[in-house]
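**Q** Dropping a prediction and its sequence here:
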Amino acid sequence: MSLSDQIVSPADEADESDAAAIVANDIAPMEQEALAKRQLTIEIFTHFLNISVEENREIDEKIIVKLLENLDTKDSGERDCSQELLFRIYRRFEGLRPYIRKQITNVFYRFIHETEQIDGIAELLELLKVIIKNYDVLPLADREQLLLNVLLPLHKSESLKTFNVQLESCVLDLLKENASLIPKFINGLLRLWPKTSTKKEVIFMKELVKILQITKHKQFLKILIPLFHRTAKCVSSPCVLVAEAACYLWSKKEIVRLIIKNNEDIMSIMFPTLYQVSREHWSQHIRDIVYSVLKIIKQINEDLFMQLCRTYNYKLELKVDKFIEVEGNPSETFKKPVNR
């Protein structure tokens, strides 16, 4: 019997008729037994991995397929075990690395294009992060394909919240090493922007802020217009968390530097929305934050700020004294708790 035949999938562990007979008192012993089994599996694998690559005939493509199948389970312990074994194989067997990458990508493609009823996406993304960061220098074309054809479409998933942390981490690692891909990715993210889910909007905006913190001016110019049109829509959102996340752009010094260099274009897009939200948003918390943002942009370009104030004061017949006279450190407003 080969080693791959000894890797038992979760579905094989117990017959359905037996499962019906399990009572609550048996759960703890079963968990201990499952843990012992996983530890034994890892020990067996470690033994085979310690054999020289040239002499090892047991670690092959069949095992890779079996481990990936075992990742698709509700059992988090089983997923962790399979993930750890895949990682050890990838680290040890350089010849299997292209095949492992290809099979991981195929799982992502199936999740994106066929069915989201696949578990283990978070674990695969964690494995992918290690691969990206530590082991392979992939050609730019391969990195672009991974970023735009795999990681970007994963943002469309209805279950994004179950793996968004791992997904964001992979995206940032790729973009840090490939700044030229930032405009393409951000434009793609803006096209996929959620229309009905405020929870996903918050996830998107928080990721966008982190990407902008590593964006250079050259790349920023390519996404400036669509980026701030979307930001304006988010600032005016009735959802407090969405509006708050959008305002955080002005709390990050790296992003403020980019805004200063392009303040005229950005202020012409943002000012009407900021002005209206500062007076009409239902949440006092958001109004406070927007007052601080207005104070910041006033400091950036006071002449243009006053010109826009006069323009919109005439159109909307609103007073501007309230936010012009904001006192204190604007950044402090961003630390206030949300009033729900």
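**A** Arrived safely.
**Q** rest of the way, CA atoms for contacts and neighbours
**A** Will do.
**Q** mind listing the strands for the stretch 101-250 of the chain?
**A** Counting by DSSP state E, counting those that start in this stretch, the stretch 101-250 of the chain has no strands to list.
**Q** What ranges does it have for its helices?
**A** Taking DSSP state H, counting those that start in this stretch as the test, the helices found in the stretch 101-250 of the chain are 121-130, 140-146, 152-154, 164-177, 182-191, 198-212, 217-235, 240-247.
**Q** tell me the most buried of those helices?
**A** Highest mean neighbour count of the helices of the stretch 101-250 of the chain: helix 240-247, a mean of 23 (counted as mean count of other C-alpha atoms under 10 Å).
**Q** ok, and what's touching it?
**A** Helix 240-247 is contacted from outside by 198-199, 201-202, 205-206, 231-232, 234-237, 283, 286, 289-290, 293, 338, 340, using C-alpha atoms under 8 Å, 6 or more residues apart in numbering.
**Q** and after it, which helix or strand comes next?
**A** helix 253-261 (DSSP states H and E).
**Q** Can you list the buried residues in whichever helix or strand comes after that next one?
**A** Remark: after helix 253-261, the chain's next helix or strand is helix 263-280, criterion DSSP H and E. Buried residues in helix 263-280, defined by neighbour count with 16 or more other C-alpha atoms under 10 Å: 263, 266-267, 269-279.
**Q** Verify the stated contact: residue 278 with residue 292.
**A** No - at 9.7 Å, residue 278 does not count as touching residue 292 under the criterion of C-alpha atoms under 8 Å.
**Q** Tell me where the model's unsure across this protein.
**A** 1-31, 34-35, 37-38, 41-42, 44-58, 135-136, 313-340 (pLDDT under 70).
**Q** list the contacts for the residue nearest the centre of it?
**A** Residue closest to the average C-alpha location in the chain (C-alpha atoms, centre = their mean): residue 168, at 2.6 Å. Residue 168 makes contact with residue 207 under the criterion C-alpha under 8 Å, 6+ apart.
**Q** I'd like to know how far it sits from residue 162.
**A** 12 Å (C-alpha to C-alpha, to the nearest Å).
**Q** Kindly report the same for residue 308.
**A** Residue 308 sits 43 Å away from residue 162, going by C-alpha to C-alpha.
**Q** thinking again about what came up before, distance to residue 95 added to the helices of the stretch 101-250 of the chain, as CSV?
**A** Putting these into CSV (distance: least, C-alpha to C-alpha, whole Å) gives the following:
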stretch, distance to residue 95
helix 121-130, 17
helix 140-146, 18
helix 152-154, 28
helix 164-177, 23
helix 182-191, 31
helix 198-212, 34
helix 217-235, 37
helix 240-247, 44
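**Q** To residue 93, which of those lies closest?
**A** Among the helices of the stretch 101-250 of the chain, helix 121-130 comes nearest to residue 93, with 15.0 Å by C-alpha to C-alpha.
**Q** so that closest one versus helix 164-177, what angle?
**A** Counting by axes from the mean of the first three to the mean of the last three C-alpha atoms, to 10 degrees, helix 121-130 lies at 20 degrees to helix 164-177.
**Q** for helix 121-130, packing partners?
**A** Secondary-structure packing of helix 121-130 (3 or more C-alpha pairs under 8 Å, 6 or more residues apart in numbering; DSSP states H and E): helix 76-92, helix 164-177.
**Q** which residues touch it?
**A** Contacts to helix 121-130, defined as C-alpha under 8 Å, 6+ apart, come from residues 71, 79-80, 83, 87, 104, 108, 162-163, 166-167, 169-170, 173.
**Q** buried set for stretch 246-256?
**A** Using 16+ other C-alpha under 10 Å as the test for burial, stretch 246-256 gives 246, 247, 248, 249, 250, 251, 254, 255, 256.
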